[in-house]
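# sequence? don't have it. structure:
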């Protein structure tokens with residue numbers, strides 16, 4: 001089976017892996033983008049996690065004049081509605097699900113696997129996780145939007161999986177209204193979702209990272 005190329009980091013390499021975090025980068029970045037955050041999370045020494053940072057494929061991106069760059073899917077219009085190539089997004093979600101299955105084959109229970117996604121990666125994480133047929137530990141969505149909400153069928157296995165949405169109130173790339181819209185949509189469907197806003201742009205901040213750490217520890221407890 002083919003898998004996306006990935007950067008992998010162990011927070012406690014001397015211990016057996018007990019959980020996995022699959023972390024998807026944003027448009028134009030790659031798997032190295034968030035790898036430096038692993039030590040910043042300051043997870044407990046007895047919590048051994050394999051962090052998997054896949055690289056998106058290189059494709060032409062319409063909003064960037066067709067320039068070829070790492071992207072999980074093509075973005076056709078840069079407006080609040082975010083017209084995207086849904087078939088490409090779903091294909092990326094399938095590739096992420098193959099990574100989930102690989103973690104399970106490596107001995108990690110599905111209930112100990114977290115999906116994290118920033119921006120484009122968050123849209124893929126929403127679809128890959130919420131439609132997956134095995135229960136996962138949680139979904140951490142950073143500065144993103146639920147692009148496939150109209151077509152994705154939330155699987156009962158992940159209907160109540162914890163979701164934490166974090167967004168910047170000054171985000172000029174993905175307007176915070178999109179993050180809030182995803183929160184309301186999921187909340188109205190009975191999902192276990194929480195929302196946090198930070199006074200930042202399209203990035204991450206230290207206060208947010210500290211919250212991520214607490215959340216990761218809580219869903220893996």
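Thanks, I have it. What you are looking at is a predicted structure, and each value in this text was computed from that prediction instead of being measured. Numbering: from 1, shown residues only.

# list the buried ones in stretch 87-102?
Burial within stretch 87-102, assessed by neighbour count using 16 or more other Cβ atoms under 10 Å, is assigned to 88, 89, 90, 92, 93, 95, 96, 97, 99, 100, 101, 102. The way it works is simple: take the backbone N, C-alpha and C, and place the C-beta from them, glycine included.

# Just the pLDDT for residue 77.
Turning to residue 77, the model gives it a pLDDT of 84.

# Leaving out chain neighbours, which residue sits closest to it?
By the measure of Cβ to Cβ, 6 or more residues apart in numbering, the closest residue to residue 77 outside its immediate chain neighbours is residue 83, 4.1 Å from it.

# now residue 186
residue 193 (4.4 Å).

# what about that neighbour, neighbour count?
Counted by other Cβ atoms under 10 Å, the residues lying close to residue 193 total 21.

# just checking, it touches residue 166?
No. Under the contact definition of Cβ atoms under 8 Å, residue 193 does not touch residue 166, with a separation of 11.7 Å.

# still on that earlier bit, the residue nearest to residue 77: what's it in contact with?
Taking Cβ atoms under 8 Å, 6 or more residues apart in numbering as the contact definition, residue 83 lies against 75, 76, 77.

# Among the residues you listed, which one lies nearest to residue 209?
Here the nearest of these to residue 209, counting by Cβ to Cβ, is residue 75; it sits at 26.7 Å.

# burial measure for that closest one, as a count.
The criterion is other Cβ under 10 Å. On that basis, residue 75 has 21 neighbouring residues.

# what's the closest of the contacts of residue 83 to residue 107?
The shortest approach to residue 107 among those belongs to residue 75, at 36.9 Å (Cβ to Cβ).

# Where does pLDDT dip in the protein?
Residue ranges of the chain with pLDDT under 70: 80.

# And the helices in it, which stretches?
Listed in chain order, the helices of the chain (DSSP state H) span 37-40, 86-105, 120-130, 176-188, 206-220.
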